Each structure stands twice: as C-alpha cells, then as structure tokens.
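> what's the 3D shape of this:
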Amino acid sequence: MVFDVIIGRSKKDVEKYGKQGTVFLGKQYIQMGQSTSLSNPVLMDIASAHVAFIVGKRGSGKCVLDFTKISLSDGSTKNIKEIYEDLEKDSLIINKTEKEELLRPQKIVKVISINGHLGVVEKPILAIYRKFIEEDLIKITTTSGKEIIITKEHPLLVPITVENKGLCQVLWKKASLIRETETVMIFEENIVKEDKIEEIKKIKYKGWVYDLTIPETHNFIANNIISHNSYTMGMVAEGLTDLPLEIKQNLSIVLLDTMGIYWTMKYPNFQDAEILKDWKIEPRGLDVKIYTPTGFYYEYKNEGIPTDFPFSLRPLDVGPHDWCTAFNLDPNSAEGVLITKIVQDLSKKEESYDLDLLIDLVKKDTESDKVVKSVVANQFEKAKGWEIFSKEGTPLKDIIAPGQVTVLDVSPYATMASGWEIKALVVGLICRNLFNQRMLARKTEEFKSVDAAMHYFTKQTEEKMEEPLVWIALDEAHELLPKDGKTAATEALITILREGRQPGISLILASQQPGKIHTDVMTQSDIVIAHRLTARLDVEALSQLTQSYMRQGLEQELDHLPRVKGAAVIFDDANERIFPVQLRPRFTWHGGGSPSAISEKKEYFNKSLEELKKL
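Alright, predicted model coming up:
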C-alpha cells in the first residue's frame, strides 16, 4: 500500500495538518526480496522551523581521465594529471584516502572558463580532486576527430531544435543519454561550433580520474570541451512556489549564494527534460529575486548577467569583533583596540554613517600611534573596495518578503583576496539582523495568539503573519561554520542553530565535507539528507547524528543505495526513522550540476540564450 512519507512532521501533526505546508522531495526506495523499487512519495514539512543538513560525495562522478588536456589562461594546454602533480606539493590537503584525494592549491593557476553570459574569462583553480574508479566510461568521437572519455554522469552541451517555436536551444545532456545521431558543441580556435558525433563507445577503465573546482563559472575547457564542476536546497525553494497562498504568504526563502549558481533558477530545466517527463514534471522557471552587491550590480546589468536589485550593508550594523574577524586582526591588539573604540563611539550615537567617516575618525585618533592608525585606515579602505557598504543599506524587509524566493549573491568575492572572510561578514550580518527581527515579531505573534484565545468568540485569528517565517539556505557551509576556528558568520549561525526554531527561522546547510563542519550542526539538525560519502573523516562525523535509532551502520545504509544520481538517505528525527530515497529532478535550471560541454559559435550561444530568456 502506497502512503505519503512526511519528513520533519510527527504522526500527531500529520493527523492534524495532513500534507499542508509540505514540498515534494522524491520517492522512497522499497526493497522486496532481491528487487528494489520506488514507491511512497516523500515530502518535507516547511511550515514549521527545522535545521536541515545536506551532505554529499565530492566529485559526484563527473570526472575526466589523466591525459585530458586543460586550456590554461596563457594559451597553453596541460594534462590534468600534470596540473595535479605540479600543485600537489604546494597544496593544503582537504582529504586524502587510498582512493580519493582533494587538495586546495596555495599558488594561483588560471584556466580558460565560460561565464554566465557565455563569454570567455580567466579563473583560478580553487581545488583539484581525483579518485580511483573501476567502471565503464564513455568515449565520444566527433567527425572532426575530437575525442573525450568521461564518466556516464558527465553532461555535454548539445543543440536541440524546439518544435513549433522555430528556434534552436543548447542544452546539457548526460553522456549516457547522448546518441550517435546527435551533434555536440566544441570549442576550437577561440570560437564555439557544432560537431557531429561519429562514434560512441563504452570502455572498461580502472584507474584515476580527475576534476577541478573553478569559482563562479564552475567550468573549464578540457580537450576543447567545456567541463563544469546544490541541488536539494533549490528543490525546497521550488516547493514554496507551489504552496497555497494562505501558507506561502507566511513563508520566505533566502538562498545565500556563495558560489553564484542560483541565478539559473529563473530558467526552465530543459537539460533534464527527459527525466522530468518520467516524473510527470514540466520544466519551468521561477520568479526569484536576485540581489547583487552594489559595486557589481551595474556591471552585471551591463553585461547581461541576471540580477534584479543591488544590496548593501550599513557599517553601523557591523560590530568591532566582526571587523577584526574580517580583517584577521586580534581584538586585543593595538589595531583591534582602536577599531573597538571608534566603532563603539559611533554606535552610541545611534546614527547611520559611512566608511569615510569611520576612516576619518581613525586618522584623527590621538591615542594610537601612526603605524597603528595607518594599518586600521588601510583595512577600512580595503573594505570600501568590497563595494557593499553604504550609509542607508538595504532594508531587510525587501530581502525577506512574504512568499518570495530571494537569492543573495555573494559569489563576486570568490576570487578576491579574503573572499571567504567577506562572505562570512555578509552572511553573519544578515543572519544576526534576521534573528533579532524574528524574535521581536514572535513576541507580537504570541501576544496576538493569547489575545485571540482569551477573546475566542469576539476576535478572529489573522491568517497572514506580519513577518514571514524564514528559511535560510547556505551552501559550502563548512567554510562559514568550520569545526576549528571561527568566522564572522559563526556566532550568528550557531545562535540560529540553537535558538532559531523558536522565532521561526529554519536553516538548510549543505556541505560536501561534514567532517570539517562545526559539531553543533550534527547535534542540532533534525533533518539530514545524505548522499554517498567516501572519506572516512566524513562518514565518522555523520555517524554522530543518529546512532540511537539507526537499524544498521551508516556506511551500510549508504552503500545499499542504488548508484544513481539523486539517491540519498534521509534521517528524520521527528519520527526517529531513516528513509532511502530517490530525490526528484529540479524543474528549474540547475547551475551547480557538473556539466561538461562541447560548444559552438558565440553568436549561436547568444541567440539561444536570448530565446531561452523569452520562454
């Protein structure tokens, strides 16, 4: 008998509310004898506050072979294995096992990449990954002699003619779904053009495969092919739009986009059209509101990169400790003491101010020596260069609006010096102000509830809240909430983890490295969605979550999952149960999947993109 599985909602609440205020995640895997099939619909409660933790295996199976040539920014090419060996000795080891390695280079190596509006740009390698596999790979040969050998999950860019619309689109398509009758896109002599597939073969392979992590654009050019490096968070945002108005008007979702991938939610997910059809889901875009830091907003607009509004922060809202953390200064140092003194003096006036005033007061201080004043003034000058501070700032009510999905794009700082420190400062301020606002709103809501109960027959309960309940979604969470050390976002995020549910704030934290994240995430999460993990450190960290009611060991639960994209184990603390599931495909365009692409003329791309925007 098929029944609904509702994650995060107790049996008592299921009897009371049914499926109201839930989003569809996927279907449950049911094992009967030797066979496994998809059966019960799996939904997730978003009408109440939760802490959801999403973890997944690095690499996601989208890798290339060691002899694959990568196009570097100086015009040369180099095998990806050689790049790995060159960077290995000067890299920070993020993870290293017998069959998997993830390194973060300490020196800058730039590659050719394709940006959001399909222009050629130079980007640094943030991380390099390799794993040892034994599986069938796919070799694709084109009529011009181009070859690429890739894993089955690796998507390529193919042109698709849309019937009755008289236009041709370029879409990502997994290698396993591409046929010899199709055409792919290649990059050659600084242009992109079509190249017909001549042959597709499966080859058995045992050995190392490699991948690169590239900031913002998330792609690099491999063998003249564009190869791309948060999925479930987008599903929750999609689900909000399908809720009835009486529920949707009391909710708001903010995606704190550190990687620059959620702007694609404005567009339909044509890349998975065939898979969506199997799920009886139509590709469609969402009316997400994208906020970009003021200093980048007009540049993005001019270049055609999707953005809706500029946003800025008030220096008044930044505390002395926040500044010290962002500047990597000891609060007890001479520089930290000066910052604390100036900032506290300005805060007492309870008037907003800009960075120019702050810098002027630093220079005029009579108690600090010249060197200290120069260091602090220089740090605030550097902060001006971030182009995110203004005297007025962006009102929180604009970002947290009823029924709205907001993308707060902080990815422009990815390649800037101290990029993660800047992102942490922004995230910390947004989360702290949001928590304070919801605490005040909750007091008002509780008073109205008590008042309505005491005057049951004379007053009606209001259906719409004055301030919506908020879901905050954050990718690469281990960078902002590390297990060791602190960032400018740590304190605010921990406060929400421990106390956010009472005022109605939910967190969705995603990380590929649970072993590197703060232990409070493990202890406070009531919903965990885990994809297959390989690093021993990560498996051991995640096993701290649910020992009390796991039927089997965590590794066994994960190993029993089918080896397909979207397979996961969900830990539901409300019902103390574990569910193996297949997550549904997104109906909006997924900007963080691992597309590898072969491309054609830039004019062709631009035309296709413009037509896509009109749909």
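> where does the stretch 401-550 of the chain dip in pLDDT?
Scanning the stretch 401-550 of the chain for pLDDT under 70 picks out the ranges 414-417, 445, 447-463, 532-550.
> oh, I was asking about the stretch 251-400 of the chain
For the stretch 251-400 of the chain, the stretches with pLDDT under 70 are 271, 303.
> can you give me the helices for it?
Along the stretch 251-400 of the chain, counting by DSSP state H, counting those that start in this stretch, helices occupy 273-278, 294-303, 320-326, 334-348, 355-364, 370-384, 396-399.
> Check which helices and strands the helix or strand hosting F132 sits against.
Taking DSSP states H and E as the criterion, F132 maps to strand 127-142. Counting contacts by 3 or more CB pairs under 8 Å, 6 or more residues apart in numbering; DSSP states H and E, strand 127-142 is packed against helix 80-88, strand 100-105, strand 147-150, strand 183-188, strand 191-213. C-beta here means a position set from N, CA and C on the backbone, and glycine is covered the same way.
> Point to the residue nearest the middle of this structure.
The centre of the chain sits closest to D475, judged by CA atoms, centre = their mean, with a distance of 3.7 Å.
> Now do the contacts for that one.
D475 is in contact with 230, 233, 256-259, 261, 510-511, 592, counting by CB atoms under 8 Å, 6 or more residues apart in numbering.
> What of D86?
Residues in contact with D86 (CB under 8 Å, 6+ apart) are V109.
> Same question for P503.
By CB under 8 Å, 6+ apart, P503 lies in contact with 435, 438-439, 441-442.
> out of these, who's nearest K201?
F435 (55.8 Å; CB to CB).
> On the three-state scheme, that closest one is what?
Secondary structure assignment for F435 (DSSP: H, G, I helix; E, B strand; the rest coil): helix.
> what's the answer for E446, then?
When classified by three-state DSSP, E446 comes out as helix.
> ok, now which ones touch it?
Contact analysis of E446 by CB under 8 Å, 6+ apart lists nothing.
> separation between it and Y17?
Relative to Y17, E446 is positioned 20 Å away (CB to CB, to the nearest Å).
> same deal with T97?
Here T97 is placed at a distance of 44 Å from Y17 (CB to CB).
> Tell me which of those two has more neighbours.
Y17 (16 against 13; other CB atoms under 10 Å).
> List the residues that contact the more buried one.
Residues in contact with Y17 (CB under 8 Å, 6+ apart) are 9, 47.
> what does the one 10 residues further on give?
In this structure, K27 makes contact with 38-42, 581-582, 584, judged by CB under 8 Å, 6+ apart.
> Tell me the most packed of the residues you listed, by neighbour count.
Top of those by neighbour count (other CB under 10 Å): V42, with 26 neighbours.
> Name the helix or strand for it, please.
strand 35-45.
> Strand partners (parallel or antiparallel) of that strand?
Strand 35-45 pairs in its sheet with strand 5-7 (parallel), strand 22-32 (antiparallel), by DSSP bridges.
> who touches the first one?
Surrounding strand 5-7, the residues in contact under the criterion CB under 8 Å, 6+ apart are 14, 19, 22, 25, 28, 40-45, 527, 570, 572, 574, 579.
> Count the neighbours of G393 for me.
19.
> separation between it and W589?
According to CB to CB, G393 stands 31 Å off from W589.
> Any idea what L212 is bridged to?
Counting by DSSP bridges, L212 forms beta bridges with I128.
> what sits against it?
Listed by CB under 8 Å, 6+ apart, the contact set of L212 reads 70, 80, 83, 111, 125, 127-129, 220, 227, 229.
> I'd like those as CSV, with pLDDT appended.
Formatted as CSV, the contacts of L212 follow (pLDDT from 0 to 100):
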residue, pLDDT
I70, 90
I80, 93
I83, 93
V111, 91
I125, 88
A127, 78
I128, 86
Y129, 83
F220, 80
S227, 56
N229, 48
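> right, and out of those residues, which lies closest to L92?
L92 has its nearest neighbour among those in A127, at 9.3 Å by CB to CB.
> on that earlier part again, of all the helices of the stretch 251-400 of the chain, which lies closest to L92?
Distance to L92, taken as CB to CB, is lowest for helix 320-326 among these, at 20.4 Å.
> and that closest one, what other elements does it pack with?
When contacts are defined as 3+ CB pairs under 8 Å, 6+ apart, helix 320-326 packs onto helix 334-348, helix 370-384, helix 419-454.
> would you turn these into a markdown table with distance to P159?
Conversion of the helices and strands packed on helix 320-326 to a markdown table gives the following (distance: least, CB to CB, whole Å):
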| stretch | distance to P159 |
| --- | --- |
| helix 334-348 | 56 |
| helix 370-384 | 45 |
| helix 419-454 | 36 |
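> Tell me which of those helices sits nearest to V121.
Comparing these by their distance to V121 (CB to CB), the top pick is helix 419-454, with 16.3 Å.
> ok and the closest one relative to helix 370-384, angle-wise?
For helix 419-454 against helix 370-384, the angle between stretch directions is 70 degrees (axes from the mean of the first three to the mean of the last three CA atoms, to 10 degrees).
> residues in contact with the helix or strand that helix 419-454 is followed by?
Per DSSP H and E, helix 419-454 leads on to strand 469-474 as the next helix or strand towards the C-terminus. Residues external to strand 469-474 that are found in contact with it (CB under 8 Å, 6+ apart): 46-47, 49, 230, 233, 236-237, 240, 250-256, 258, 400, 427, 431, 434, 438, 480, 493, 496, 504-510.
> what do you get for stretch 66-78?
Stretch 66-78 has contacts (CB under 8 Å, 6+ apart) with 79-81, 83, 109-112, 122, 148-149, 187, 207-210, 212, 220-224.
> Check the offset of it from the chain's centre.
Here stretch 66-78 is found 28 Å from its chain centre; the criterion is CA atoms, centre = their mean, to the nearest Å.
> For that stretch, measure first residue to last.
Using CA to CA, to the nearest Å, the span of stretch 66-78 from its first residue to its last is 10 Å.
> All set now, cheers.
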